[in-house]
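> next come a sequence and a model predicted from it.
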Amino acid sequence: MNSPETNAPSPQNPHAVRDAVRDAYGKVAETSSSCCAPSCCSPAADSSELPDATTISKGLGYSEQDLASVPADANLGLGCGNPHAIASLRPGEDVLDLGSGPGLDCLLAAKQVGAEGSVIGVDMTPAMLERARSNAAQVGAENVSFRLGTIEHLPVADGSVDVILSNCVINLSPEKEDVFAEAFRVLRPGGRLAIRDIVATAPIPAELQADFEALTGCVAGAAPVDRIEAILADLGFIDIQVSIDPGSRAMVDEWMPGRGAGDVVASASIQAVRPETAG
């Protein structure tokens, strides 16, 4: 991997950041790597000691039944929690997954909303979309579609979905205000966010902010809880809840051993509702 001192994208250049993330996760898709942060796949690590994707996902809150119901290729062990645990999906709902990867959360959502509902997955990585479409075809999930796009500019119509899922993706965006503004736009009145993501619990050291692996590995781009709450409130969301999972710090430390990442970021659930009426 290139040296972060000479090749890391500038935090002030959103396009460069997106390109770096797209490249990193494209490699994850092509190599079937089962970890969130590229740094946890370091060649220096003994691969025999790394947990497999199923073990990782169980640790994130997915059940054995969940994982057995989808193709193995849909689960790369990515993420920092299980958004379905807070989504309360109902039959007939239309769902959008931001950063859908190989399709795990989309396929689980498809079963919950049934044939009367629909699921859209949006991802900016062509290799991930290819895997996701293949996985959906394997299980005959006709109510699922996948679209190429960025979460800052969603290829989704205004007011067309009931629930937005996302798992450890929004922290990777350099333009979080745009992500949540797009989420508000595409939600129907009364629609809700059910997101698991990484948030900052303390100032992130400059050396981590400038580190390429921390940037693409769900650490350096994390926003503080109060900033997320303020963005959501300013956009007009209500019933905002950002709840930190203290036990996730050990997981984060495993992504970047010896870097103290768990001291400054943690996994959290992010929930909010678009009001039924304007204002």
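Received the coordinates, thanks. Residues are numbered from 1 along each chain as shown.
> C-alpha from now on. contacts and neighbour counts both.
Noted.
> list the contacts for residue 105?
84, 97, 165 (C-alpha atoms under 8 Å, 6 or more residues apart in numbering).
> looking at those, which is nearest residue 114?
Nearest to residue 114 out of the contacts of residue 105 is residue 84 (C-alpha to C-alpha; 14.9 Å).
> tell me who's in contact with the closest one.
105, 109, 165, 194.
> doesn't the first one fall inside a strand?
No: with DSSP: H, G, I helix; E, B strand; the rest coil as the criterion, residue 105 is assigned helix and is not in a strand.
> let me have the contacts of residue 84 in a markdown table, adding distance to residue 268 and secondary structure as columns.
Listed next are the contacts of residue 84 as a markdown table, based on distance: C-alpha to C-alpha, whole Å; DSSP: H, G, I helix; E, B strand; the rest coil:
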| residue | distance to residue 268 | secondary structure |
| --- | --- | --- |
| 105 | 17 | helix |
| 109 | 20 | helix |
| 165 | 13 | strand |
| 194 | 11 | strand |
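> and the contacts of residue 105, which is closest to residue 20?
Distances from residue 20 to those, taken by C-alpha to C-alpha, are shortest for residue 97, at 21.1 Å.
> is it true that that closest one touches residue 162?
No: with contacts counted by C-alpha atoms under 8 Å, residue 97 stays clear of residue 162, the gap being 11.3 Å.
> tell me the contacts of the residue nearest to residue 153 when sequence neighbours are not counted?
Excluding the flanking residues, the one nearest residue 153 by C-alpha to C-alpha, 6 or more residues apart in numbering is residue 182, at 6.8 Å. Contacts here follow C-alpha under 8 Å, 6+ apart; on that basis residue 182 touches 151-154.
> of those residues, buried ones?
Buried subset of the contacts of residue 182 (neighbour count, 16 or more other C-alpha atoms under 10 Å): 151-152, 154.
> residue contacts, residue 247?
Residues counted as contacts of residue 247 (C-alpha under 8 Å, 6+ apart): none.
> strands of this structure, start to end?
94-98, 118-123, 144-148, 161-167, 187-200, 223-224, 238-244, 265-273 (DSSP state E).
> out of those, which comes closest to residue 78?
Proximity to residue 78 (C-alpha to C-alpha) singles out strand 161-167 among those, at 8.2 Å.
> give the buried residues for the closest one.
Neighbour counts over strand 161-167 (16+ other C-alpha under 10 Å) mark 161-167 as buried.
> Serialize these to TSV and add fields for distance to residue 244.
Formatted as TSV, the buried residues of strand 161-167 follow (distance: C-alpha to C-alpha, whole Å):
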residue	distance to residue 244
161	26
162	24
163	21
164	19
165	17
166	16
167	14
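> tell me the one of these nearest residue 21?
Closest to residue 21, out of all of the buried residues of strand 161-167 and judged by C-alpha to C-alpha, is residue 167, at 15.0 Å.
> look up the closest residue to that closest one, ignoring the ones flanking it.
Closest residue to residue 167 apart from its sequence neighbours, by C-alpha to C-alpha, 6+ apart: residue 196 at 4.9 Å.
> and residue 273, by the same measure?
residue 192 is the one closest to residue 273 (C-alpha to C-alpha, 6+ apart), at 4.3 Å.
> again with residue 209
With sequence-adjacent residues excluded and distances taken as C-alpha to C-alpha, 6+ apart, residue 209 is closest to residue 220, at 4.7 Å.
> next, count neighbours for that neighbour.
Look at residue 220: counted by other C-alpha atoms under 10 Å, it has 28 neighbours.
> I figured residue 117 hits residue 89, correct?
No: contact criterion C-alpha under 8 Å: residue 117 and residue 89 do not qualify, at 10.1 Å.
> quick revisit: export the contacts of residue 182 to TSV and tack on distance to residue 254 and pLDDT?
Output for the contacts of residue 182, formatted as TSV (distance: C-alpha to C-alpha, whole Å; pLDDT from 0 to 100):
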residue	distance to residue 254	pLDDT
151	27	97
152	29	96
153	32	97
154	32	98
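> local confidence estimate at the closest residue to residue 267 other than its chain neighbours?
Spatial nearest neighbour of residue 267, excluding adjacent residues (C-alpha to C-alpha, 6+ apart): residue 198 at 4.4 Å. pLDDT, residue 198: 96.
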